[in-house]
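Enquirer: Pasting the sequence and the predicted coordinates here, then a few questions.
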Amino acid sequence: MKKAIMIINSNPNMAEKIRFNLSSPDTEIIGTSSVAEALDNLAKKELCLIILDAAISAEDDHRLLTAIRKSKTTPILILSSQSCHVERLRVLQAGAHAYIGHPYSMEECLAQAQALMQLYCELKPQQEVCYTLAIGKDLVVDPLSRQALLNGKDLRLTRKEFDLLFCLASNPGQVFSREQLYNHVWDEHSAYNVDEVVKAQIKTLRQKLSMTGNEYIKNVWGIGYRLHTEPDDE
């Protein structure tokens, strides 16, 4: 399986230099130049390294960096055109694993990148393995491809819908309150109305799961929701 690296950099020349030097037959390089592109790729790919331009990170006050660190174990290398103690401190506090400031050589960048990938690959086998989950006769949830198939058809779930379904499917029969689901799925610390946020996502998820006429997500009165693994029995 190929290792995937994402380079988030608005400087095409620098991005191409890094891509060229890190490219290998067993490595996939994903290049992006914006926060929106980065978020889209984060939802689709299992990454072993993220190389992030400090200027792009600063555009959203390092919220992208914080979100990556909360949701992924992927190492993050920050590259900066400056050498500023305050900036270095801010990005490390936001979640970066390493920071290289100007002036730096390509050799230093590559050495740091290789060291972070090696550490990640060594630690990865110790982490929990994600298995494809089969629920009932018709529903399959694959965390690696982030797909949910119902009767063999892709449900085309949004990121939040998939994360909700995977959380419930990973713990069949367990009852989750809306607050527990929010804490599992959402990156934000709090929402104005957690109940309504979760209810809205559960509603759209249920609509997509309803094509077979089976009810996979059950209400547990006064508590929250659980995934019913054998909907055909009721």
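Expert: Nice, I can see it. Given the structure is predicted, the values throughout are model-derived calculations rather than measurements.

Enquirer: Only C-alpha atoms from now on, for both contacts and neighbour counts.
Expert: Noted.

Enquirer: next structured bit after the longest helix anywhere in the chain?
Expert: What stands out as the longest helix in the chain, according to DSSP state H, is helix 106-123. Using DSSP states H and E, the next helix or strand after helix 106-123 towards the C-terminus is strand 133-135.

Enquirer: re earlier: what about dumping the CA coordinates of the longest helix of the chain to CSV?
Expert: What follows is helix 106-123, C-alpha atoms only, in CSV (Å, rounded to 0.1, in the frame of the first residue of the first chain):
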residue,chain,number,x,y,z
MET,A,106,16.0,21.2,1.0
GLU,A,107,18.2,18.6,2.6
GLU,A,108,17.0,19.6,6.1
CYS,A,109,13.4,19.6,5.0
LEU,A,110,13.7,16.1,3.5
ALA,A,111,15.6,14.8,6.5
GLN,A,112,12.9,16.0,8.9
ALA,A,113,10.1,14.7,6.7
GLN,A,114,11.7,11.2,6.5
ALA,A,115,12.3,11.1,10.3
LEU,A,116,8.6,12.0,10.9
MET,A,117,7.3,9.4,8.4
GLN,A,118,9.6,6.7,9.9
LEU,A,119,8.4,7.4,13.4
TYR,A,120,4.7,7.4,12.2
CYS,A,121,5.1,4.1,10.4
GLU,A,122,6.8,2.5,13.4
LEU,A,123,4.1,3.5,15.7
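
Enquirer: residues of it that come out buried?
Expert: Neighbour-count burial for helix 106-123, counted by 16 or more other C-alpha atoms under 10 Å, picks out Cys109, Gln112, Ala113, Leu116, Met117, Tyr120.

Enquirer: The third one and Leu49: what is the separation?
Expert: Counting by C-alpha to C-alpha, to the nearest Å, the gap between Ala113 and Leu49 amounts to 7 Å.

Enquirer: and the nearest residue to Asp138 once chain neighbours are set aside, how many neighbours?
Expert: Counting by C-alpha to C-alpha, 6 or more residues apart in numbering, Asn151 is the residue found nearest to Asp138 once chain neighbours are left out, at 5.0 Å. When counting by other C-alpha atoms under 10 Å, one arrives at 13 neighbours for Asn151.
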